[in-house]
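1. curious how this folds, go ahead:
(chains A and B)
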2 protein chains.
Amino acid sequence: MSMIDPQAAIEITGYEWVPDFARGFVRDLRPRWACEEAGIPYRERLANISDKPDWLLATQPWGQVPIMRDGDVTLFESGATLMHLGEMSEVLLPSEPQARGEAISWLFGAFNSVEPAMFEFTNVTVFARDQEWAKLRRPSLEEFVARRLAPLEQRLGGRDWLADRFTIADIAMVTVLRQIGGSKLLAAHPAVEAYVARGMERHAFKQAMADQLAAFDRHGPPEM
Amino acid sequence: MSMIDPQAAIEITGYEWVPDFARGFVRDLRPRWACEEAGIPYRERLANISDKPDWLLATQPWGQVPIMRDGDVTLFESGATLMHLGEMSEVLLPSEPQARGEAISWLFGAFNSVEPAMFEFTNVTVFARDQEWAKLRRPSLEEFVARRLAPLEQRLGGRDWLADRFTIADIAMVTVLRQIGGSKLLAAHPAVEAYVARGMERHAFKQAMADQLAAFDRHGPPEM
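-> Presented below is the predicted three-dimensional model:
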């Protein structure tokens, strides 16, 4: 059952519709997933991606989603929304100090030590793939991505989640890693690939994904 | 006065020595700076960068610094160390919900929306600058960096810090931005450039920097 509830205190901002390549990858997926895991109701606020409204541009410095509101509190950056939800629910972020510290360490690891490599890999293999620089850059970048993945392969061999149990760190890391889903690089790290699949098999992930896609299908592309 | 104290509860891991290009840029600067701002004593634990010890490799997935210990709690990633110190001191992170949410939003913004662009800019202009791909990549990357800086220029016009007052978000953002210090790109954003200079003028920043460099000078380069 979806946690979407128009009367909910928590508001998550996403897009009305996005081009095919971004379907299922827009970052409001992260707080949606966290809400589904913890049973936290939320309402959607959807923006037009090609004509971003003033309230979005005034709140999020780079005009990105998600933004989260909770009463008088407004947050931006998916990492900040995960921290906020984590502090609302032991399911998402343990309160025991070492378990909490471990989850927060991996959370920042996903956003600062792994995702930057994924951003550039997507640039080189998708957006700029026909450009000369991207072709020349690819080998050294693949080496760099592999150096980021190897410690994860070691960590996830024989354990299901980054910390002792599922936390917001896994919501971050699975969504970061699935940006290179289907690549040879991910397949070369079978424990990491299995981890991503395990995350995506969770009911809460599937519900969050279905709800993001349902909004796109409901609105359709803007008229040109 | 430096907050370094061999008997302190908090331990920050750094390096004994680094090559010139990394002097003053190693990321243990961030928690050192936070400790100096808040008057939190810390002890140093220094590792050999060219022969990383097992305890470092076993604790930090990518063999990076800083690691932080506080009693039984071990953390890695400079963002996680800033969160931990922030929760110890109102000086670093306000407890009022909206002020806290704003600081944490900008903290993740520094690590996930700004620093990835700085990483690649340093790659293209320093480490790989003689490679063909880097020369070809530079124009589009400069455009991308400028799009990340423009909203900061707007934000910092007429205000000293990202949130209402100095927080851990500024420790993150100033250290992220000074990676392109001296570049034409930074100079083209005068409010951002002045903000970086303002951060670096703080006594706590200077003390943290002096202490990082003092360790390097004390140890010197490893024998070859």
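2. other residues contacting the lengthiest helix in chain A?
-> The longest helix of chain A (DSSP state H) is helix A:132-156. Helix A:132-156 is contacted from outside by A:113-114, A:117-118, A:120-121, A:123-125, A:128-129, A:162, A:173, A:177, A:180, A:185-186, A:188-192, A:194-195, B:61-63, B:128, B:131-134, B:136-137, B:140, using Cβ atoms under 8 Å, 6 or more residues apart in numbering or on different chains. Quick note: C-beta positions are derived from backbone N, CA and C, even for glycine.
3. buried ones among those residues?
-> Buried residues within the contacts of helix A:132-156, defined by neighbour count using 16 or more other Cβ atoms under 10 Å in any protein chain shown: A:113-114, A:117-118, A:120-121, A:123-125, A:128, A:162, A:173, A:177, A:180, A:185-186, A:189, A:192, A:195, B:61, B:128, B:131, B:133-134, B:136-137.
4. narrow these to those in strands?
-> Using DSSP state E to define strands, no part of these is located there.
5. in helices, which of those fall?
-> A:117-118, A:120-121, A:173, A:177, A:185-186, A:192, A:195, B:133-134, B:136-137.
6. widest-spaced pair of those residues?
-> Taking every pair in these and measuring Cβ to Cβ, the maximum separation is 35.2 Å, between A:Tyr195 and B:Leu136.
7. just the CA trace of the helix or strand hosting A:Ala99, in CSV.
-> Using DSSP states H and E, A:Ala99 falls within helix A:97-108. These are the backbone C-alpha positions of helix A:97-108, laid out as CSV (Å, rounded to 0.1, in the frame of the first residue of the first chain):
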residue,chain,number,x,y,z
PRO,A,97,25.6,5.4,18.6
GLN,A,98,27.9,3.0,16.7
ALA,A,99,25.2,1.7,14.5
ARG,A,100,24.1,5.2,13.8
GLY,A,101,27.6,6.4,13.1
GLU,A,102,28.2,3.5,10.7
ALA,A,103,25.0,4.2,8.8
ILE,A,104,25.8,7.9,8.5
SER,A,105,29.4,7.1,7.4
TRP,A,106,28.1,4.9,4.5
LEU,A,107,25.5,7.5,3.7
PHE,A,108,28.1,10.1,3.0
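8. helices or strands next to it in the packing?
-> Counting contacts by 3 or more Cβ pairs under 8 Å, 6 or more residues apart in numbering or on different chains; DSSP states H and E, helix A:97-108 is packed against helix A:78-88, helix A:168-177, strand B:73-76, helix B:78-86.
9. domain-wise, how is chain A divided?
-> Using automatic domain parsing, the domain parsing of chain A gives A:10-91+A:204-219, A:97-202.
10. dump these to CSV, plus mean pLDDT.
-> Shown next, in CSV, are those (pLDDT from 0 to 100):
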stretch, mean pLDDT
domain A:10-91+A:204-219, 97
domain A:97-202, 97
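11. residue contacts, A:Ile67?
-> Applying Cβ under 8 Å, 6+ apart, the residues near A:Ile67 are A:11-13, A:45, A:56, A:59-60, A:74-76.
12. same for chain B: which of these are within range?
-> The subset of those within reach of chain B, by Cβ under 8 Å from any Cβ of the partner chain, is A:74-76.
13. now A:Arg27: closest residue in space, sequence neighbours ignored.
-> Nearest residue to A:Arg27 in three dimensions, chain neighbours excluded: A:Ser78, at 4.5 Å (Cβ to Cβ, 6 or more residues apart in numbering or on different chains).
14. would you confirm that the one you found contacts A:Arg32?
-> No - assessed by Cβ atoms under 8 Å, A:Ser78 is found out of contact with A:Arg32, at 10.2 Å.
15. which of these two has more neighbours?
-> A:Arg32 (29 against 26; other Cβ atoms under 10 Å in any protein chain shown).
16. contact partners for the more buried one?
-> A:12, A:14, A:42, A:208, A:211-212.
17. nearest to chain B among the residues you listed?
-> For the contacts of A:Arg32, the minimum distance to chain B (Cβ to the nearest Cβ) is 14.2 Å, reached by A:Ile12.
18. ok so, going back, how about the ones in helices among the buried ones among the contacts of helix A:132-156 in TSV, adding distance to A:Glu201?
-> As requested, those are exported to TSV (distance: Cβ to Cβ, whole Å):
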residue	distance to A:Glu201
A:Ala117	25
A:Met118	21
A:Glu120	28
A:Phe121	24
A:Met173	15
A:Leu177	14
A:Leu185	21
A:Leu186	16
A:Val192	15
A:Tyr195	11
B:Trp133	38
B:Ala134	40
B:Leu136	41
B:Arg137	38
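19. and of those, the nearest to A:Trp106?
-> A:Met173 (6.6 Å).
20. how near is the closest one to B:Phe166?
-> Noted for A:Met173: a distance of 31 Å to B:Phe166, by Cβ to Cβ, to the nearest Å.
21. A:Arg178 reaches A:Val196, doesn't it?
-> Yes - using Cβ under 8 Å, A:Arg178 is in contact with A:Val196, at 5.3 Å.
22. list the buried residues for the longest helix of chain A?
-> A:133-134, A:136-137, A:141-142, A:145, A:148-149, A:151-153, A:155-156.
23. please apply the same query to stretch A:93-104.
-> A:93-94, A:98-104.
24. contacts for it, please.
-> Taking Cβ under 8 Å, 6+ apart as the rule, stretch A:93-104 contacts A:83, A:86-87, A:162-165, A:167-169, B:72-75, B:80, B:83-84.
25. quick revisit: what about the helix holding A:Ala99, distance to the chain center?
-> 17 Å (Cα atoms, centre = their mean, to the nearest Å).
26. next, the angle from that helix to helix A:132-156.
-> 160 degrees (axes from the mean of the first three to the mean of the last three Cα atoms, to 10 degrees).
27. report the angle between helix A:97-108 and helix B:78-86.
-> Counting by the same axes, to 10 degrees, helix A:97-108 lies at 140 degrees to helix B:78-86.
28. tilt between helix A:97-108 and helix A:168-177?
-> 20 degrees.
29. can I get the domains of chain A in CSV including distance to B:Met200?
-> As requested, the domains of chain A are arranged in CSV below (distance: least, Cβ to Cβ, whole Å):
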stretch, distance to B:Met200
domain A:10-91+A:204-219, 22
domain A:97-202, 21
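30. just put the ones next to chain B among the contacts of A:Ile67 in TSV and tack on neighbour count.
-> Shown next, in TSV, are the ones next to chain B among the contacts of A:Ile67 (neighbours: other Cβ atoms under 10 Å in any protein chain shown):
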residue	neighbour count
A:Thr74	16
A:Leu75	28
A:Phe76	26
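31. quick one, the longest helix of chain A and helix B:115-122 angle?
-> 130 degrees.
32. mind checking how far helix A:132-156 is from the chain centre?
-> With Cα atoms, centre = their mean as the basis, the mean position of helix A:132-156 lies at 20 Å from the chain mean.
33. cool, stretch A:131-145 as well?
-> That offset, for stretch A:131-145, works out to 24 Å (Cα atoms, centre = their mean).
34. what sits against the residue nearest to A:Arg27?
-> A:Ser78 neighbours (Cβ under 8 Å, 6+ apart): A:27-28, A:30-31, A:66, A:172, B:108, B:112.
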